[in-house]
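# One predicted model, sequence on top.
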Amino acid sequence: MTTLKINTIENAPEDSKPLLENSQKSFGMIPGLHGVLASAPKTLEAYQTLHELFTQTSFNEEELTVVWQAINVEHACHYCVPAHTGIAKMMKVDDAITEALRNETPLESSKLEALRTMTLTITRNRGQVTQEDLDTFYAAGYGEQQVLEIILGLSQKVISNYTNHIANTPVDEPFKKFAWSK
């Protein structure tokens, strides 16, 4: 099993300290992922920036959850699936959506299912999609903007999912009740 250091505000590199202070203010704690990423200040900054940008896309709370959790589950991230389960609850996303994503069962909404399918197609095929894939996605009510926004969300999730695999980041206390494994 591999592990990486989980930094605190006190022992983090100087350039990471203000970023961790922002995490503390935003979450009331320093998420373990942020503590790990703090070893590389620009990586923590990139993650936080991508997160902020992704939450400002055209996607609503349900759609953000679909993109995040589809990728988290596909990447089998032991840390992010429980964290985003808690985040979805905070965003008041219907538990049925969260459970379908966690359990890899179809979503009731055909539009959200099309979003999950496109997210997984992009993720699994490393961006190699067909015109038919795009046409099906567009027919569900999405467009080119959303294709590119999925890639933004994927960029954020690659940083977190891969870091958590290498660091074996412990799930934060508030999210332990949402523990998950593939």
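Yes, it's here.

# Relative to residue 182, how far out is the closest residue to residue 69 other than its chain neighbours?
Excluding the flanking residues, the one nearest residue 69 by CB to CB, 6 or more residues apart in numbering is residue 101, at 3.9 Å. In this view, the C-beta of every residue, glycine as well, is placed from N, C-alpha and C. Distance of residue 101 to residue 182, computed by CB to CB, to the nearest Å: 12 Å.

# Tell me the residues that contact both of those two, please.
Applying CB atoms under 8 Å, 6 or more residues apart in numbering, one finds that residue 101 and residue 182 are jointly contacted by residue 73.

# These two - which one has more neighbours?
Using other CB atoms under 10 Å, the more surrounded residue of residue 101 and residue 182 is residue 101, with 25 against 11.

# contacting residues for that one?
Residue 101 makes contact with 65, 66, 69, 70, 73, 107, 116 under the criterion CB under 8 Å, 6+ apart.

# Tell me where this protein is predicted with low confidence.
By pLDDT under 70, the chain contains no weakly predicted segment.

# Can you list the residue ranges for helices in it?
Taking DSSP state H as the criterion, the chain carries its helices at 17-27, 32-37, 41-55, 61-74, 80-90, 95-103, 110-124, 131-139, 144-167.

# Show me the one in the contacts of residue 101 that has more neighbours than the rest.
Using other CB under 10 Å as the neighbour test, these are led by residue 66, with 31 neighbours.

# these two touch, right, that residue and residue 108?
No - Residue 66 lies out of contact with residue 108 (CB atoms under 8 Å); the separation is 12.0 Å.

# Which residue, neighbours along the chain excluded, lies closest to the residue most central in space within the chain?
Nearest to the mean C-alpha position of the chain, counting by CA atoms, centre = their mean, stands residue 68 at 3.9 Å. Spatial nearest neighbour of residue 68, chain neighbours left out: residue 84 (5.0 Å); criterion: CB to CB, 6+ apart.
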